[in-house]
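Trainee: Need coordinates for the following:
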Amino acid sequence: MQSMIRSSAKWLGMSAAIGAALAACSSTPASPPPAGVTCDDAACGKAGNACITGYATADAEKAADPKAMALACRRPCDVTDSDVGLSAQDKCPTDYHCSAGGTRKADGTAVAYCVKDRTPYGGTKGQWGTSCNPQQGYDVNPACDSANNFWCYANAPDDGSAICTQFQCADDYDCRGGYFCATINQGPNAKTTSRSYGKDAVTTACLPRAWNLWPGSYCATCKTDVDCPLNNGNPQHCVGADGAGGAEKICAVDCASDKSCNLDQKCMTTSEGVNGCVPRAATCKGAGDFCSPCRSDADCTDGFCTAADYSTERFCTKKSGKPCSVTNNMLTSDCPGKPADGSSAAGVSCYYRSTDGQLRDQCIGLVAFGGSAAPGCWTVPRK
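Mentor: Prediction:
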């Protein structure tokens, strides 16, 4: 597919509130103190700014060299009790994102602060998260700022949740605050319901970390809590995907019980001391073998990243050692046995119909569903 130039997204249900917040914070959030003046809060001048030691740019932040940190007037962006309906990212003005790790000069306490984005787009109409109609175009859509390469991201030509965003991001710093650079299958998209297959048919896109609104955003990566926006109005936390403080960090929505989570997740008190919905598989990206959790075909060794039926779960298929067929209602295949590592797979099956296309001869896990079975490996069984 021709250069699917970067495209990115924003929370539709909160766009009006967030837009108002950004308009109110339009002043420059970081600047050196006045000439000849040692930085102090009174000298910063801009309303709400404070003397904070931190990074000036996204690339300096990515390099994470403490020697590059400097004291300057910067905009704090920690969420307080008065910030109803806002996340940390919403407190930074256009072309800035909220980052943890700053230090206030006044008292030496840690503070989140606004850092300049890698690429400034000016906040014109049709950028991050603007609603778009997929049927009006993909790379050139009247709702999107195509002059700055914002395209219409959708999961189908009739996707009512389609948004303007950036494609072909290199890392999270190519995206605005509250988004991450996700690796996704090229299809389905705004042009087609057909899915793409294989590692050569994937791309990247900036997607919001609010996965309840966009299924492609599921299992969003993060570094700290400030990376994670509200998810349908509910707080999120940056926790280990295993719930035990592992190195794989994801945004996990606050929960009271398993009923608050997706069917392939569980609610638990994580090692970070918060309640969050974490994958039942304890990872969002497994080893690439049969039934491993995945985000796109790029994560699977000898199969495809397939969405489970009636669930948000995505898992790797595996090609059968011989063609799959059915005779007298009996399946013939050469598939792995059902996973024994805690998955909910009750059995294994295989795609065998000629109409299954690229999925033909691919082995899948089966989970209990309504007295029968449905594709899945980690989705909780349902009666």
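
Trainee: and the closest residue to S194 other than its chain neighbours, how far is that from D41?
Mentor: The spatial neighbour of S194 that comes closest, neighbours along the chain excluded (C-beta to C-beta, 6 or more residues apart in numbering), is G187 at 5.4 Å. (Glycine included, C-beta is placed from N, CA and C.) Separation of G187 from D41 (C-beta to C-beta, to the nearest Å): 52 Å.

Trainee: And those two? Which one has more around it.
Mentor: A count of neighbours by other C-beta atoms under 10 Å puts G187 above the other of G187 and D41, at 18 against 14.

Trainee: what sits against that one?
Mentor: Each residue near G187 by C-beta atoms under 8 Å, 6 or more residues apart in numbering is listed here: S194, R195, S196, A201.

Trainee: Secondary structure class of it, three-state.
Mentor: coil (DSSP: H, G, I helix; E, B strand; the rest coil).

Trainee: pLDDT score assigned to it?
Mentor: The score at G187 is 92. That number is its pLDDT.

Trainee: can you check V274 too?
Mentor: Predicted confidence (pLDDT) for V274: 95.

Trainee: check contacts around it.
Mentor: The contact partners of V274, taken as C-beta under 8 Å, 6+ apart, are H237, V239, A252, D254.

Trainee: count of residues packed around the closest residue to the second one other than its chain neighbours?
Mentor: This points to V239. Spatial nearest neighbour of V239, excluding adjacent residues (C-beta to C-beta, 6+ apart): T270 at 4.4 Å. Counted by other C-beta under 10 Å, the residues lying close to T270 total 19.

Trainee: can you tell me which residues contact T270?
Mentor: Under the contact definition (C-beta under 8 Å, 6+ apart), the residues listed for T270 are H237, V239, G240, G243, A244, G245, A252, G276, V278.

Trainee: go again using 6 Å as the cut-off
Mentor: For T270, the contacting residues are V239, G243, G276, by C-beta atoms under 6 Å, 6 or more residues apart in numbering.

Trainee: Just the buried positions in stretch 134-146, please.
Mentor: Burial within stretch 134-146, assessed by neighbour count using 16 or more other C-beta atoms under 10 Å, is assigned to P134, G137, Y138, D139, N141, A143, C144, D145, S146.

Trainee: Stretch 58-68 too?
Mentor: By neighbour count with 16+ other C-beta under 10 Å, stretch 58-68 contains the buried residues A58, A60, E61.

Trainee: now could you export just the CA positions of it as PDB?
Mentor: Coordinates of the C-alpha atoms in stretch 58-68 are reproduced here as PDB (Å, rounded to 0.1, in the frame of the first residue of the first chain):
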ATOM      1  CA  ALA A  58      10.700  15.300  22.700                       C
ATOM      2  CA  ASP A  59      14.000  14.000  21.300                       C
ATOM      3  CA  ALA A  60      15.900  15.100  24.400                       C
ATOM      4  CA  GLU A  61      13.300  13.400  26.500                       C
ATOM      5  CA  LYS A  62      13.700  10.200  24.400                       C
ATOM      6  CA  ALA A  63      17.500  10.300  24.700                       C
ATOM      7  CA  ALA A  64      17.000  10.500  28.500                       C
ATOM      8  CA  ASP A  65      20.400  12.100  29.200                       C
ATOM      9  CA  PRO A  66      20.100  13.800  32.600                       C
ATOM     10  CA  LYS A  67      22.800  16.300  31.500                       C
ATOM     11  CA  ALA A  68      20.300  17.600  28.900                       C
END
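
Trainee: Next step: the buried residues of stretch 58-68 restricted to helices.
Mentor: The members of the buried residues of stretch 58-68 that map onto helices under DSSP state H are A58, A60, E61.

Trainee: Show me what T57 bridges to in the sheet.
Mentor: Beta bridges link T57 to K116, judged by DSSP bridges.

Trainee: Share the number of residues neighbouring it, please.
Mentor: Residues near T57, counting by other C-beta under 10 Å, number 15.

Trainee: Hmm, it is touching K116, no?
Mentor: Yes: distance between T57 and K116: 5.2 Å, which falls inside the contact criterion (C-beta atoms under 6 Å).
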